[in-house]
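Enquirer: after the sequence you'll find the predicted model.
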Amino acid sequence: LEWSKSVTDIREQFPLLPIEETLAIAEQCGIKHPQVPSTNEPVVMTTDFLVDVGSNGSILERARTIKPAKDLSSDRILAKFEVERRYWLRRKVDWAIVTDRDIPVELVKNIEWIHAYHDISGQLNISPSEISKVKQILSGLLRSGLALTTSASTCDDRFGLEPGTSLALARHFLASRQWRIDMHKPINPGMPIALLE
């Protein structure tokens, strides 16, 4: 969600309040409302993600529940989802279930690999002018077909940088979208990466 350019806000474990509403929905559906097992007190239900998405100049809310596909065979889970679905339907908010089958694996792996490098302030001992030089040389080496790690090591040696600095910068250039690549193809640092322009 953070990677998506259209997502402007993300709220996790969004509470479905007031609780009286989910209690009423559960009763209408003949569903036992979730409770605290030790006290049998009703628990506030939540939706995993409520996100604001920019679309055609306006912002739309999207409610998303995340579950492994194998869990969708549970009647109890589906019953709780029905309460959630009806809660959001009343608010005219698009609600859907997202499973592991809906998430592109390579994209997720790539985002995980670069995510921590989006903001590198204070992480690397390198000046902005050196970063600019590394970016230029590294781009040229990658476009010549050299592997990412080979290109990064060459830059580290050329500029007298601590080993790993140029690779960290490459991850930053990808995370901050200064470089564009096909994020649905696996990033293998030991192989070349194709920069898109």
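Expert: Perfect, thanks for sending it.
Enquirer: tell me which other helices or strands the strand or helix carrying Val51 touches.
Expert: Here Val51 sits within strand 46-55, counting by DSSP states H and E. With contacts taken as 3 or more C-beta pairs under 8 Å, 6 or more residues apart in numbering; DSSP states H and E, strand 46-55 sits against strand 7-15, strand 58-66. (Each C-beta comes from the backbone N, C-alpha and C, glycine too.)
Enquirer: hey, which of those is tucked in deepest?
Expert: Of all the helices and strands packed on strand 46-55, strand 58-66 carries the top mean neighbour count, a mean of 15, counting by mean count of other C-beta atoms under 10 Å.
Enquirer: return the distance of whichever helix or strand comes after it from the chain's centre.
Expert: Toward the C-terminus, strand 58-66 is succeeded by helix 75-90 as the next helix or strand (DSSP H and E). In terms of C-alpha atoms, centre = their mean, to the nearest Å, the centre of helix 75-90 is found 24 Å from the chain centre.
Enquirer: so after helix 75-90, what's the next helix or strand?
Expert: Proceeding N to C from helix 75-90, the next assigned helix or strand is strand 94-98, under DSSP H and E.
Enquirer: for that next one, the averaged confidence score.
Expert: Average pLDDT, strand 94-98: 98.
Enquirer: alpha carbons only: can I get the helix or strand that that strand is followed by in CSV?
Expert: From strand 94-98 onward toward the C-terminus, using DSSP H and E, the following helix or strand is helix 105-114. In CSV, the C-alpha atoms belonging to helix 105-114 read as follows (Å, rounded to 0.1, in the frame of the first residue of the first chain):
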residue,chain,number,x,y,z
VAL,A,105,4.9,-12.3,-4.8
GLU,A,106,7.8,-10.8,-6.8
LEU,A,107,6.5,-7.2,-6.3
VAL,A,108,6.3,-7.8,-2.5
LYS,A,109,9.8,-9.3,-2.3
ASN,A,110,11.2,-6.4,-4.3
ILE,A,111,9.5,-3.8,-2.1
GLU,A,112,10.7,-5.6,1.0
TRP,A,113,14.3,-5.4,-0.4
ILE,A,114,14.2,-1.7,-1.0
